[in-house]
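[1] Here is my input, please return the structure:
(chains A and B)
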Protein chains: 2
Amino acid sequence: MEITEFVERSVGNWRSQRSAHHLAFSHFEAIESEIEILSLSLDDLEVVELCKSYDIDPKTAVSPFRMSWSGTTDWDEKEVMEGTCILVPIPDATNLKRGKLLRDRGYAETMAAAGNYHITEDDTFVLVTEYDRAAAEEKIWFVNPNVRCRVSLIKTSAGTGVVTASFSSEIRQAIEK
Amino acid sequence: MEITEFVERSVGNWRSQRSAHHLAFSHFEAIESEIEILSLSLDDLEVVELCKSYDIDPKTAVSPFRMSWSGTTDWDEKEVMEGTCILVPIPDATNLKRGKLLRDRGYAETMAAAGNYHITEDDTFVLVTEYDRAAAEEKIWFVNPNVRCRVSLIKTSAGTGVVTASFSSEIRQAIEK
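    Next comes the predicted model:
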């Protein structure tokens, strides 16, 4: 699978159940959220700006998209977690299965981030993002067109210790028209 | 990675945090358990008997092991889930990365089961087991020598619907001598 197909299959509305395992103290956190993934146009102003902020030619981008989420956690039932970010794949010139993914903000820190992605032979999308004090590794795969799984690991920046391991099961929602 | 190395890296004592997502009704279940994985000898009587029950020559087996677990779930805090099973890999004659895995009982049903495994290019062990009324797909990978992740999906036997998606993060425990 190439990145273009991966994004195409991801577009839509998803209901997500996420469990985060905080490993040091064996804590389980349960998060329920709605996720919307929208395809963006290559000449979208925000896409062009994000490329420029990384000194990357916007012409090398493919399949940019916006991801928005709104959810609640059992850690703090009063808190509604909401956010939105733009993601822009920049495939390697010679290989659409490998490249960079630009984001205007990251998961682990609320700042822009560029990760390295590749897609494995069994169609798992793998994204590794290095932050100042942490590294995130994410694996996403489709079980069928309407079910996606996602495993995210947050590691210490040395890369050996795993701080949080989380798992999402995401089910496609019918869109009411 | 070949199956022999996968088993070798798995041997030991693990503390497991498992989250099960029961998708139809968006329920989260949290399970904490201790898992022990012990290497067995190829001439272990139970290993030989399990092979024979599948009409398989015990000489084709490699790296048999016993897995035992003891855990509690937040669904029923009084219940202690305990079990043990023997697992025997039977690699393909030409490819140690692919083959059958015999078990003297399964996860989804308490009966013997033979699944098909393969190990991907990024060293993920994938096991698919067909039962009468369900199919189980399991992916296990090492984040580092002391952290293992495991995603298990239980599907309806038609194979399209996912009933339960569960995720375990497993941390190696020091063994007291």
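[2] What are the buried residues along the worst-scoring helix or strand of chain A on mean pLDDT?
    Sorted by mean pLDDT, DSSP states H and E, the helices and strands of chain A end with strand A:76-92, the least confident at a mean of 89. For strand A:76-92, burial by neighbour count (16 or more other CB atoms under 10 Å in any protein chain shown) applies to A:Cys85, A:Ile86, A:Leu87, A:Val88, A:Pro89, A:Ile90, A:Pro91. Backbone N, C-alpha and C define where each C-beta goes, glycine included.
[3] between those, which is closest to A:Glu46?
    A:Ile86 (5.4 Å; CB to CB).
[4] got the contact list for that closest one?
    For A:Ile86, the contacting residues are A:Leu40, A:Glu46, A:Val47, A:Leu50, A:Pro64, A:Phe65, A:Arg66, A:Arg103, A:Asp104, by CB atoms under 8 Å, 6 or more residues apart in numbering or on different chains.
[5] Give me the distance between the last one and A:Arg66.
    It refers to A:Asp104. Computed as CB to CB, to the nearest Å, the A:Asp104 to A:Arg66 distance reads 10 Å.
[6] just so I have it, where are all the helices in chain A?
    Remark: helices assigned in chain A by DSSP state H are A:3-10, A:45-53.
[7] Mind checking those helices for the one nearest to chain B?
    Closest approach to chain B among the helices of chain A (CB to the nearest CB): helix A:3-10, 15.6 Å.
[8] how about the closest one: buried residues?
    Residues A:Ile3, A:Phe6, A:Val7, A:Arg9, A:Ser10 are the ones in helix A:3-10 that count as buried (16+ other CB under 10 Å).
[9] then that helix to CSV, C-alphas only?
    The C-alpha trace of helix A:3-10 is given here as CSV (Å, rounded to 0.1, in the frame of the first residue of the first chain):
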residue,chain,number,x,y,z
ILE,A,3,0.7,6.6,1.3
THR,A,4,-2.0,7.9,-1.1
GLU,A,5,-4.1,4.8,-0.6
PHE,A,6,-3.5,4.8,3.2
VAL,A,7,-4.8,8.4,3.4
GLU,A,8,-7.8,7.6,1.1
ARG,A,9,-8.8,4.7,3.3
SER,A,10,-8.5,6.8,6.4
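[10] Tell me which residues are up against that helix.
    Contact with helix A:3-10 is made by A:37, A:39, A:62-63, A:65, A:89, A:91, A:96-97, A:99, A:117, A:119, A:123, A:125, A:140, A:142, A:145, A:148, as judged by CB under 8 Å, 6+ apart.
[11] Make a ChimeraX selection of the buried ones in those.
    To isolate the buried ones among these in ChimeraX, judged by 16+ other CB under 10 Å, type:
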select /A:37,63,65,89,91,96,97,99,117,119,125,140,142,148
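[12] who touches A:Ala112 in this structure?
    By CB under 8 Å, 6+ apart, A:Ala112 lies in contact with A:Leu50, A:Ser53, A:Leu102, A:Arg103, A:Asp104, A:Arg105, A:Gly106.
[13] what about stretch A:132-147, average pLDDT?
    Averaged over stretch A:132-147, pLDDT sits at 92.
[14] buried set for that stretch?
    By neighbour count with 16+ other CB under 10 Å, stretch A:132-147 contains the buried residues A:Ala134, A:Ala135, A:Ala136, A:Glu137, A:Glu138, A:Lys139, A:Ile140, A:Trp141, A:Phe142, A:Val143, A:Asn146, A:Val147.
[15] Check stretch A:92-107 too.
    By 16+ other CB under 10 Å, the buried positions in stretch A:92-107 come out as A:Leu96, A:Lys97, A:Gly99, A:Lys100, A:Leu101, A:Leu102, A:Arg103, A:Asp104, A:Gly106, A:Tyr107.
[16] Among these, which one lies nearest to A:Gly71?
    Distance to A:Gly71 across these (CB to CB) is lowest for A:Tyr107, with 12.7 Å.
[17] hang on, the earlier thing: list residues touching both of A:Asp104 and A:Arg66?
    Both A:Asp104 and A:Arg66 are in contact with A:Cys85, A:Ile86, where contact means CB under 8 Å, 6+ apart.
[18] Surely A:Glu32 touches A:Ser70?
    No: using CB atoms under 8 Å, A:Glu32 makes no contact with A:Ser70, being 9.9 Å away.
[19] can you give me the strands for chain A?
    With DSSP state E as the criterion, chain A has strands at A:12-22, A:27-39, A:65-73, A:76-92, A:95-103, A:113-119, A:125-130, A:134-144, A:147-156, A:162-173.
[20] Among those strands, which comes closest to B:Pro58?
    Among those, the nearest to B:Pro58 by CB to CB is strand A:134-144 (35.0 Å).
[21] near chain B, anything from the closest one?
    Yes: counting by CB under 8 Å from any CB of the partner chain, chain B is contacted by strand A:134-144 at A:Glu137, A:Val143, A:Asn144.
[22] quick one: strands adjacent to that strand?
    As defined by DSSP bridges, the strand partners of strand A:134-144 come to strand A:125-130 (antiparallel), strand A:147-156 (antiparallel).
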